[in-house]
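K.L.:
predicted coordinates and the sequence they were generated for:
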Amino acid sequence: MTKVITYGTYDLLHYGHIKLLERAKALGDYLVVGVTADDFDRTRGKINVQQSLMERVEAVRETGIADEIIVEEYEGQKIDDIKRLGIDIFTVGSDWTGKFDYLNEYCKVVYLDRTKGVSSSEIRSQKNNLRIGIIGNSHIMNKIIRESVYVNGLEITGIFNSDPINPIIPADPNIPVTQDYEQLLNNVDAIYVLSHPSRHFHDVKAALEKGKHVLCESPVALTRAECAELFTIAKMKDLILSDGIKTAYSTAYSRMILLAKGGKIGDVISVDAICTSLQEIDYSDNERIAHTWNSLTAWAPTALLPIFQLLGDNYEDAQIYSRIVNEEYQYDEFSKVTFHYPGAVASIKVGKGVKSEGELIISGTKGYIYVPAPWWKTEYFETRFENPADNRRYFYQLDGEGIRNQLVSFLRRIENKGISAISESTSLAIAGIMERYDNEINLFRLKL
C-alpha cells in the first residue's frame with residue numbers, strides 16, 4: 001500500500017482545495033491530510049485565517065477524500081509524521097516548488113499544479129472589509145493601526161481624537177481624522193473605543209445605539225450597572241460588544257489559564273499579578289490629569305484578568321490601598337488590591353508612578369505557575385514543582401502583543417457570533433472594582 005501525505009490550512013475550503021486533494025489521493029492508496037493548527041498558522045504569519053481549526057478539519061473530513069486527518073502543530077513535524085506513519089509520498093502545491101526538497105531523504109516529494117484562478121486569499125479579499133473607526137487618543141491607537149494591516153477583512157477608516165490637550169498623530173496619514181463623533185459613527189461598521197475611561201459608557205452607548213459593533217479598551221464602564229446596561233443594549237440590537245484586554249488573546253496566556261484550570265498545579269490557592277510602568281506627569285496639572293488614565297484604570301483590568309478567570313468574581317471581600325496624588329481626579333500613582341475568596345486569596349499591584357517586577361505567580365497545592373515580566377505580553381511561562389525534574393517550560397510566539405489576535409477574534413465574533421475570550425461576568429467584575437475605588441469602598445490611602 002502506497003501512503004501519501006499532504007498539508008494545508010484549508011481555510012474556506014474551495015474547489016481548488018478539493019482538486020488538489022483528489023490529485024494527492026490519486027498518487028497512492030491511502031491519503032493522510034495534515035491541517036495546520038491556529039497557533040502554527042500564526043507563527044507563519046497567517047493571521048487572516050477566517051475559520052477555526054475544528055471548522056477546517058471538519059470541512060476536509062466532509063470531502064470524503066482523506067483517509068486520515070492529523071493536526072500540524074510545530075516546525076519540523078513533517079519529518080516526524082513521515083517516519084511515524086510510514087509515508088511513501090509527500091505532496092504539496094506547485095507554489096511551494098523546491099521548498100520541501102529536503103524531504104526526499106525520507107520519501108518521494110511531488111509538487112502538484114494548483115487550480116488557477118481560485119484561492120482562499122482571493123475568496124477572503126472578495127468579502128467587504130469591516131470598517132472600524134477609533135475614538136480616543138491612547139498611545140495604543142497607533143499600535144492598533146499598525147497591527148490592523150496584518151488582519152484580512154477589516155480596515156481602519158476613521159479616527160476621532162477626543163483629547164484636545166494631547167492629540168496623537170495617526171501612524172497612517174491616509175486615515176481621515178474628524179472632530180465629530182457622530183460623523184465617524186455614520187461612516188463605520190464598528191468602533192474601537194480608546195477614549196478616557198470616564199467617557200467609555202457614553203461613547204460605547206452612542207455607538208451601540210447607532211447599530212455599531214464595539215471593541216472597548218477595558219474597563220468597559222466605571223460601574224457594574226453601566227457595564228450591564230451596555231451589554232444589554234448590545235444583546236437587544238444583536239451587536240458584538242467586546243472588552244479589550246490584549247493579554248487575553250495571547251496564546252501563552254490562554255494555554256496557561258487552561259493548565260491552571262485543568263489541575264496541573266492542583267487547586268489554585270493564590271493569584272498575584274503585578275503591572276507597573278513609569279510615566280512622567282505633573283500631578284498638579286488638572287487639565288492634563290483629566291485626560292490621563294490613572295494607575296487603576298490603565299493597569300488593573302489586565303492584572304485582574306487571571307484572578308477573575310481562575311477564581312471567579314464571587315470574592316468575599318476586597319481591599320484597595322492607593323497612593324493618591326491628585327484628589328480632584330482621584331489619580332493614583334500606585335494601588336494594591338487584595339481579595340479574599342472562600343478558599344483562596346489574590347492580589348494585584350498596579351502603578352504608573354511606582355516600579356516593580358511585572359510578574360504573575362499562580363500558586364497551587366501541587367506546584368505553581370511562574371510568568372516573568374512583562375507577563376501581560378508573555379510568550380513564555382513555567383510550571384514549577386517540588387521536584388525540579390517535573391518542571392516544564394512553555395513557549396508560544398506572540399506577534400503584535402496580542403492586538404492582531406484580538407482584532408481577528410472581534411472580526412470572527414461579528415461574522416459568526418462566537419464566544420469572547422473575556423466573559424461578560426469578568427467585564428462586570430472589572431467595572432465593579434473601578435466602582436469600589438471611585439466610591440471609596442474599603443479604600444485605604446497611603447500617606448504621601
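P.N.:
Done, it's in.
K.L.:
so where's this structure shaky on pLDDT?
P.N.:
38-52, 115-127, 163-166 (pLDDT under 70).
K.L.:
kindly list the longest helix within it.
P.N.:
Counting residues, the longest helix found in the chain (DSSP state H) is helix 295-311.
K.L.:
so what secondary structure elements neighbour that one?
P.N.:
helix 251-261, strand 268-276, strand 331-340, strand 345-351, strand 360-364, helix 424-438 (3 or more CB pairs under 8 Å, 6 or more residues apart in numbering; DSSP states H and E). No exception for glycine: its C-beta is placed from N, CA and C like everyone else's.
K.L.:
grab the most central residue of the chain for me.
P.N.:
residue 249 (1.9 Å; CA atoms, centre = their mean).
K.L.:
name the nearest residue to it, sequence neighbours excluded.
P.N.:
Nearest residue to residue 249 in three dimensions, chain neighbours excluded: residue 405, at 3.9 Å (CB to CB, 6 or more residues apart in numbering).
K.L.:
quickly note the distance from the one you found to residue 260.
P.N.:
20 Å (CB to CB, to the nearest Å).
K.L.:
just residue 70 next, same as before
P.N.:
Applying CB to CB to residue 70 and residue 260 gives a distance of 28 Å.
K.L.:
repeat for residue 193
P.N.:
30 Å.
K.L.:
hmm, back to that, and the residue nearest to residue 249, which of the three is it?
P.N.:
helix (DSSP: H, G, I helix; E, B strand; the rest coil).
K.L.:
that one touches residue 247, doesn't it?
P.N.:
No: using CB atoms under 8 Å, residue 405 is not in contact with residue 247; the gap is 10.4 Å.
K.L.:
bridged to residue 90, which residues?
P.N.:
residue 5, residue 109 (DSSP bridges).
K.L.:
before we move on, what about residue 331?
P.N.:
So, taking DSSP bridges as the rule, residue 331 has residue 326 as bridge partners.
K.L.:
show me what contacts it?
P.N.:
By CB atoms under 8 Å, 6 or more residues apart in numbering, the contact set of residue 331 is 283, 289, 292, 294, 324, 325.
K.L.:
mind picking the two most distant members of those?
P.N.:
292 and 324 (13.9 Å; CB to CB).
K.L.:
still on that earlier bit, who has more neighbours, residue 70 and residue 260?
P.N.:
residue 260 (21 against 17; other CB atoms under 10 Å).
K.L.:
so that one makes contact with residue 369?
P.N.:
Yes: in this structure, residue 260 is within contact of residue 369 by CB under 8 Å, at 6.0 Å.
K.L.:
need the residues touching each of these two.
P.N.:
Joint contacts of residue 260 and residue 369 (CB under 8 Å, 6+ apart) are residue 362.
K.L.:
any idea how far residue 270 is from the closest residue to residue 267 other than its chain neighbours?
P.N.:
Spatial nearest neighbour of residue 267, excluding adjacent residues (CB to CB, 6+ apart): residue 365 at 4.7 Å. Using CB to CB, residue 365 is found at 11 Å from residue 270.
K.L.:
looking at these two, which one has more neighbours?
P.N.:
A direct count of neighbours by other CB under 10 Å for residue 365 and residue 270 places residue 270 higher, at 17 against 11.
K.L.:
tell me what the more buried one is bridged to.
P.N.:
With DSSP bridges as the rule, residue 270 is bridged to residue 345, residue 363.
K.L.:
show me what contacts it?
P.N.:
Residue 270 touches 344, 345, 346, 361, 362, 363, counting by CB under 8 Å, 6+ apart.
K.L.:
how near is it to residue 429?
P.N.:
18 Å.
K.L.:
again with residue 417
P.N.:
For residue 417 relative to residue 429 (CB to CB), the value is 23 Å.
K.L.:
those two: who's more crowded?
P.N.:
residue 429 (21 against 9).
K.L.:
so who does the more buried one touch?
P.N.:
304, 308, 313 are the contacts of residue 429 under CB under 8 Å, 6+ apart.
K.L.:
the last one sits in which helix or strand?
P.N.:
When elements are defined using DSSP states H and E, residue 313 is found to belong to no helix and no strand.
K.L.:
mind listing what it touches?
P.N.:
Residue 313 neighbours (CB under 8 Å, 6+ apart): 425, 426, 428, 429, 432.
K.L.:
rerun at 6 Å
P.N.:
425, 429 (CB atoms under 6 Å, 6 or more residues apart in numbering).
K.L.:
and if you look at residue 10?
P.N.:
So residue 10 contacts 17, 35, 56, 60 (CB under 6 Å, 6+ apart).
K.L.:
now, which of these sits nearest residue 92?
P.N.:
residue 17 (12.3 Å).
K.L.:
can I assume that closest one sits in a strand?
P.N.:
No: assessed by three-state DSSP, residue 17 does not belong to a strand; its assignment is helix.
K.L.:
ok, back up a step: farthest pair within the contacts of residue 10?
P.N.:
17 and 35, at 11.0 Å, using CB to CB across these.
K.L.:
now do the helices in the chain.
P.N.:
15-26, 38-43, 53-63, 77-85, 120-126, 140-148, 181-186, 200-209, 224-236, 251-261, 286-289, 295-311, 403-416, 424-438.
K.L.:
for residue 172, find the nearest of those helices.
P.N.:
Nearest to residue 172, of all the helices of the chain, is helix 140-148, at 5.4 Å by CB to CB.
K.L.:
export the closest one as PDB, just CAs?
P.N.:
C-alpha atoms of helix 140-148 as PDB (Å, rounded to 0.1, in the frame of the first residue of the first chain):
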ATOM      1  CA  ILE A 140      -2.300  52.200  21.800                       C
ATOM      2  CA  MET A 141      -4.100  53.800  18.800                       C
ATOM      3  CA  ASN A 142      -1.000  53.600  16.600                       C
ATOM      4  CA  LYS A 143      -0.300  50.100  17.600                       C
ATOM      5  CA  ILE A 144      -3.800  49.100  16.500                       C
ATOM      6  CA  ILE A 145      -3.400  50.900  13.200                       C
ATOM      7  CA  ARG A 146      -0.100  49.100  12.500                       C
ATOM      8  CA  GLU A 147      -1.400  45.700  13.600                       C
ATOM      9  CA  SER A 148      -4.600  46.000  11.600                       C
END
